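>>> The following block contains a protein sequence and its predicted model.
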Amino acid sequence: MISDSLLLKEEVLGLVDLSRRSLGQENVIDLSRLSKVKNRDVYNFKPSDKNVFQSVKSRLKRLISDYFKIDYFHIFLANPCLLVKATADFPSLSAFSNHKNNYVAMIDLSQSTRDFKDGKFVFVDKDSTNRTIEAREGRITVFSNGEENLINIEKTSVKGDMVGRVSLILGFTTNEKNSVPDPKFD
């Protein structure tokens, strides 16, 4: 499932702003582990980050609920819960593939050709055909996490002022035992 219109413009801008302020020199922030970080000030969080995250999470849960015909109240945040900036290699695909999440949502926070080159997100179908998804700021890709959705992300390249491929990757589960708490942005 791909959507370019699920999020409000303000939500997309809020997530882009969050990524620019918090990623800095780091390429991956595990948002599910923020409560264990002693000095969260290095991420430059703002009070509005929590509200933006909550709103986006709610919209993603509604999308998953409607598309996959699952009760909204039986969908929980799970790992991965990552803010990622890829400037060469994207993180291992094992970041997506764990058996404790049923669905993965990837929100692009950068634009292909403007912010990075290559780095295409590819679904590899069993019949050896590929479906390629170009990054577009605010684009959401949601998919079930199983053998039916084999994925690959091409190597990303950046030049000059390019920032790299930036994404928010969230897992969702229908098993509350496998859920993770919302990130602590304060």
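Okay, I see it. From a predicted model like this one, the values you see are computed outputs, not experimental measurements.

>>> ends of stretch 132-141, how far apart?
11 Å (Cα to Cα, to the nearest Å).

>>> same question, stretch 37-55
24 Å.

>>> What lies in contact with that stretch?
8, 11, 14-15, 18, 21-22, 24, 29, 34, 182-186 (Cβ atoms under 8 Å, 6 or more residues apart in numbering). For every residue, glycine as well, the C-beta is placed using N, CA and C.

>>> helix or strand right after the longest helix seen in the chain?
Secondary structure of the chain per DSSP state H: the longest helix is helix 47-68. Remark: after helix 47-68, the chain's next helix or strand is strand 76-86, criterion DSSP states H and E.

>>> Let me see the backbone angles for the nearest residue to Leu82 once chain neighbours are set aside.
Ranked by Cβ to Cβ, 6 or more residues apart in numbering and with sequence neighbours excluded, the top spatial neighbour of Leu82 is Ile169, at 4.6 Å. Dihedral pair for Ile169: phi -120, psi 120, per degrees, to the nearest 10.

>>> could you list every residue that touches the residue lying farthest from the centre of the chain?
Largest separation from the mean C-alpha position in the chain: Asp127, at 27.0 Å (Cα atoms, centre = their mean). Contact analysis of Asp127 by Cβ under 8 Å, 6+ apart lists nothing.

>>> and it, which of the three is it?
coil (DSSP: H, G, I helix; E, B strand; the rest coil).

>>> show me where pLDDT drops low in the protein?
35, 38-40, 89-99, 160-162 (pLDDT under 70).

>>> Run a quick neighbour tally on Leu77.
When neighbours are counted by other Cβ atoms under 10 Å, Leu77 registers 22.

>>> Please look at it and Leu170 and confirm they touch.
Yes: using Cβ atoms under 8 Å, Leu77 is in contact with Leu170, at 6.6 Å.

>>> Need the overlap of contacts for the two.
Residues touching both Leu77 and Leu170 by Cβ under 8 Å, 6+ apart: Lys57.

>>> quick one: the strands in the protein?
Secondary structure of the chain (DSSP state E): strands located at 2-3, 28-30, 76-86, 103-108, 117-118, 121-124, 130-133, 140-144, 150-153, 156-157, 165-173.

>>> Show me what the fifth one is in contact with.
Which is strand 117-118. Glu154, Lys155, Thr156, Ser157, Val158, Lys159, Met162.

>>> Enumerate every residue touching the fifth one.
If I follow you right, that is Val158. By Cβ under 8 Å, 6+ apart, Val158 lies in contact with Thr87, Ala88, Asp115, Phe116, Lys117, Gly164.
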